[in-house]
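Visitor: Predicted coordinates and the sequence they were generated for:
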Amino acid sequence: MIECRTIGTWGLRIDGRDPDTELTWKKNFALLVYLARSPRRTRTRDHVIGMLWADKPEHKAKGSLNEALKTLRRKLPLDEKGLTTDGERLVLTSGAIELDIERLECLAGIGDWKQATELIAQQGECVFLAGLYLKDAPEFEDWLAAERAAVARRVVDVLTRRASELFDLGRSHEAEPVSDQSLQVDALYEPAVRTAMSVYAMCDHRARALHVYEQFEAKLADQLGAAPSAETVALANRIKRGWGSRERESPTAARPGTEPARRAPLEDRVEALERLVGGWRACVRHSRRSILIVEGDPGMGKTRLVAELAARARVDGAVVVQIRAVEADLGSPFSGLLGLCRDGLLTAPGVAGAAPAALAVLRDAAARPDRLSPALDEIVQAIAEEQPLVMVLDDAQWLDRESLLAIVATLRNPWPARIALVVTTTRQPPPRPELEELRARLGREVAGATVRLGPLSLDAIRRMTQWTLSLSETARDAERRDRIARRVAADSAGIPLLAVALLDAIASGLELEGVRDGWPRPGQTLDETFPGDLPDNVVGAIRIMFGRANPDAQKVLTVLAVTGKRVPRSVLERAAELARDRVLAALDDLEWKQWITADVLGYAFVARIFADVVNRDMVSDTQRLRIQELAKANPG
């Protein structure tokens with residue numbers, strides 16, 4: 001097997017071994033590669049001489065070519081059929097030699113971006129025949145320059161497609177270095193710039209994403225006298241406005257002495273995300289209403305999965321409005337619609353196309369409930385005519401009946417509209433008839449998909465353990481890592497929320513306690529668990545997480561734990577006795593670290609059990625009483 005390395009530093013391997021020195025003489029190697037890259041792997045003698053020995057008299061040039069051919073035949077495992085001289089034509093038989101660039105082109109041709117990117121990574125530098133220069137062969141140098149440009153385009157396209165593929169699979173942290181490399185190869189390749197901007201913003205590096213855009217804009221103007229496309233400008237504007245519910249830089253980066261937080265990768269959720277993203281893009285492509293339902297017990301990662309989908313919808317230019325319901329919303333008519341309106345439904349681009357009367361009805365839904373459904377339908381239709389619309393109902397089992405009925409009614413309209421309703425819910429009793437109606441419509445009257453999230457597999461937890469402990473001393477011990485993964489799987493019951501908490505605490509020094517009986521109890525979910533029912537390791541992990549939070553974040557957590565419900569920011573400021581900017585910084589930190597969730601109506605713990613442990617173990621009676629008094633106090 002003759003393997004020719006052309007991407008990066010050039011070289012040959014013959015049956016896995018380095019070749020004789022003569023084969024690495026530049027002219028001999030150049031001849032071999034040039035023939036391999038020629039159409040049908042053939043050239044005339046005169047053409048080859050003109051490419052490589054044009055500086056010599058004709059008789060000496062022919063002699064140099066003959067010597068080069070003899071060396072190739074003698075030193076390479078090529079028989080007469082491998083490299084033939086058919087009269088005045090040289091022919092390198094197909095299959096006689098394998099070039100890495102041809103392997104790359106084959107992988108790209110079948111869309112295997114993963115293996116293609118791995119092949120590039122093996123070569124290091126992404127320049128075609130890096131370091132090869134023939135000063136006495138200008139024709140060859142011209143060919144080499146054109147070939148390098150073509151290979152660079154192929155490489156940057158492969159890297160961009162792989163980064164985009166990883167982004168769509170919810171693995172933005174893996175896409176980030178791939179995007180870095182794509183920009184190093186060609187910082188003016190616009191698809192690579194857009195992909196990198198999206199990846200960096202999804203990794204909560206908004207400033208970096210905008211810096212990439214600004215550099216691209218400046219280089220484009222300076223070198224080509226051109227401007228970014230409308231698509232790229234629109235993406236930059238969306239990132240500037242902030243495409244997350246609370247767009248931020250990594251909050252710990254600004255505080256000296258605090259380690260940067262890392263968001264755990266999605267595990268065992270790739271197929272679910274693919275289905276959701278596919279359902280969303282089909283909704284846009286076919287201009288139709290769609291329902292995307294995510295089901296799972298508390299702590300299974302429903303909110304995180306939908307956040308990944310929402311980010312991709314924003315990349316696609318969609319308006320995303322969302323509400324996360326809590327149990328108290330069941331008895332609060334129209335609270336869900338109020339939340340969607342406050343989150344931007346009534347200020348979205350295109351809403352001006354709806355009649356003023358419809359806007360007035362939605363602003364005061366309780367006053368005209370009979371007009372609510374047609375008004376809502378008119379508004380979402382107006383928005384969707386200008387750009388796609390995504391409405392997210394997180395924990396919809398707690399949403400008030402009036403809002404659910406009105407939202408479900410918008411799906412009955414047969415008019416084409418790029419509207420996706422994304423619902424997360426549990427299957428806990430009692431069943432909600434309104435949600436059952438949504439499920440019944442799905443696949444019959446309305447397109448969409450349902451995904452059900454279960455516990456993480458042991459293999460997934462092994463991968464999470466590897467990722468979380470990759471920088472720690474214990475990561476060097478594969479056997480210990482496996483023991484940790486198996487113990488985390490048992491103590492967390494495969495619940496992603498608890499698995500992440502446990503692994504973070506272990507990375508911070510938590511020593512795992514002895515074995516205890518399995519949990520949860522049959523039929524019991526995380527929200528039905530009391531702190532005393534949790535494994536000691538989980539309780540210890542929550543305590544460590546609390547202890548690692550900065551003092552302002554701890555104050556905010558104690559307020560949320562004591563109140564035990566969704567809390568508006570103004571109440572948090574008052575009860576935590578902190579200024580607004582300090583509360584906002586703490587909230588950003590806690591939301592990023594997945595302690596809390598947020599919507600326009602307030603903040604709450606991601607899981608009740610976290611609140612229960614903090615309230616039981618981390619708050620004194622005196623603190624509890626003072627927080628209760630301040631939370632109830634009249635701000636006036």
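Guide: Yep, it's here.

Visitor: Please count neighbours and contacts with C-alpha atoms only from this point.
Guide: Fine.

Visitor: which element is Leu235 on?
Guide: helix 230-241 (DSSP states H and E).

Visitor: List the contacts of that helix.
Guide: Under the criterion CA atoms under 8 Å, 6 or more residues apart in numbering, residues Glu190, Arg194, Met197, Ala201, Arg206, Ala209, Leu210, Tyr213, Arg314, Val315, Gly317 lie in contact with helix 230-241.

Visitor: swap in stretch 547-555?
Guide: By CA under 8 Å, 6+ apart, the list of residues contacting stretch 547-555 reads Phe546, Ala576, Leu578, Arg582, Val583, Ala586, Leu587, Asp589, Leu590.

Visitor: Could you identify the least confident member of these?
Guide: The lowest pLDDT within the contacts of stretch 547-555 belongs to Asp589, which sits at 85.

Visitor: Val583 versus that one, what's the distance?
Guide: 10 Å (CA to CA, to the nearest Å).

Visitor: same deal with Arg269?
Guide: The spacing between Arg269 and Val583, counted by CA to CA, is 33 Å.

Visitor: where exactly do the strands run in the stretch 1-150 of the chain?
Guide: Ranges of strands in the stretch 1-150 of the chain, per DSSP state E, counting those that start in this stretch, are 2-5, 11-14, 42-44, 83-86, 89-92, 98-99.

Visitor: typed the wrong thing, it's the chain
Guide: 2-5, 11-14, 42-44, 83-86, 89-92, 98-99, 289-295, 319-324, 389-394, 419-425, 447-452, 596-599, 602-605 (DSSP state E).

Visitor: Now do the fifth one: distance to the chain's middle.
Guide: In other words, strand 89-92. Centroid separation for strand 89-92 versus its chain: 48 Å, with CA atoms, centre = their mean, to the nearest Å.

Visitor: quick one: least confident helix or strand in this structure?
Guide: strand 83-86 (a mean of 78; mean pLDDT, DSSP states H and E).

Visitor: Only alpha carbons, please: show that strand as PDB.
Guide: C-alpha atoms of strand 83-86 as PDB (Å, rounded to 0.1, in the frame of the first residue of the first chain):
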ATOM      1  CA  LEU A  83       3.100   3.200 -13.900                       C
ATOM      2  CA  THR A  84       3.000   2.800 -17.700                       C
ATOM      3  CA  THR A  85       4.500   4.800 -20.600                       C
ATOM      4  CA  ASP A  86       2.000   4.400 -23.500                       C
END
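
Visitor: Sheet-wise, list the partners of that strand with their directions.
Guide: strand 89-92 (antiparallel) (DSSP bridges).

Visitor: Other residues contacting the strand it pairs with?
Guide: Strand 89-92 is contacted from outside by Leu35, Ala36, Arg41, Thr42, Arg43, Thr44, Arg45, Gly82, Leu83, Thr84, Thr85, using CA under 8 Å, 6+ apart.

Visitor: Can you give the domain ranges for this protein?
Guide: Here the domain parsing of the chain from automatic domain parsing is 2-123, 187-242, 270-452, 458-520, 549-632.

Visitor: Least reliable of the ones you listed by average pLDDT, please.
Guide: Sorting those by mean pLDDT places domain 458-520 lowest, at a mean of 81.

Visitor: Now find how far off-centre it is within its chain.
Guide: The answer for domain 458-520 is 23 Å, by CA atoms, centre = their mean.

Visitor: Spatially nearest residue to Trp53, not counting backbone neighbours?
Guide: With sequence-adjacent residues excluded and distances taken as CA to CA, 6 or more residues apart in numbering, Trp53 is closest to Ala61, at 5.5 Å.

Visitor: Pretty sure that neighbour sits against His47.
Guide: No. Ala61 is beyond contact range of His47, at 11.5 Å (criterion: CA atoms under 8 Å).

Visitor: Neighbour count: those two, which is higher?
Guide: Ala61 (19 against 14; other CA atoms under 10 Å).

Visitor: got the contact list for the more buried one?
Guide: Counting by CA under 8 Å, 6+ apart, Ala61 touches Ile49, Trp53, Ala54.

Visitor: any chance of those residues in TSV, with neighbour count and distance to Val390 too?
Guide: Converted to TSV, the contacts of Ala61 look like this (neighbours: other CA atoms under 10 Å; distance: CA to CA, whole Å):
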residue	neighbour count	distance to Val390
Ile49	19	64
Trp53	23	64
Ala54	18	65
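
Visitor: Out of these, the closest to Pro433 would be?
Guide: Nearest to Pro433 out of the contacts of Ala61 is Ile49 (CA to CA; 81.6 Å).

Visitor: Grab the nearest non-local neighbour of that closest one.
Guide: Closest to Ile49 by CA to CA, 6+ apart is Ala61, at 6.3 Å.

Visitor: measure that neighbour to Leu144 for me?
Guide: Distance from Ala61 to Leu144, by CA to CA: 20 Å.

Visitor: and if you look at Gln223?
Guide: Where Leu144 is concerned, Gln223 sits at a distance of 22 Å (CA to CA).

Visitor: again with Gly82
Guide: Distance from Gly82 to Leu144, by CA to CA: 24 Å.

Visitor: which one of these two has more residues nearby?
Guide: Shown here are Gly82 and Leu144; by other CA under 10 Å, Leu144 has more neighbours (19 against 16).

Visitor: Contact partners for the more buried one?
Guide: Counted by CA under 8 Å, 6+ apart, Leu144 has zero contacts.

Visitor: Val199 now?
Guide: Contacts of Val199 by CA under 8 Å, 6+ apart are Ala163, Phe167, Ser172, Ala175, Glu176, Ser179, Ala209.

Visitor: And the helices in the stretch 401-550 of the chain, which stretches?
Guide: With helices called from DSSP state H, counting those that start in this stretch, the stretch 401-550 of the chain shows them at 401-410, 433-441, 458-468, 478-492, 496-507, 536-548.

Visitor: May I ask which of the contacts of Val199 has the most neighbours?
Guide: Ala163 (32 neighbours).

Visitor: how much space is there between it and Ala54?
Guide: Distance from Ala163 to Ala54, by CA to CA: 44 Å.

Visitor: ok, now Thr465?
Guide: Counting by CA to CA, the gap from Thr465 to Ala54 is 61 Å.

Visitor: again, but for Lys135
Guide: Using CA to CA, Lys135 is found at 11 Å from Ala54.

Visitor: got the buried residues for the lengthiest helix in the chain?
Guide: In the chain, assigned by DSSP state H, the helix with the most residues is helix 138-168. The neighbour-count check on helix 138-168 (16 or more other CA atoms under 10 Å) flags 138-141, 144, 147-148, 151-152, 154-168 as buried.
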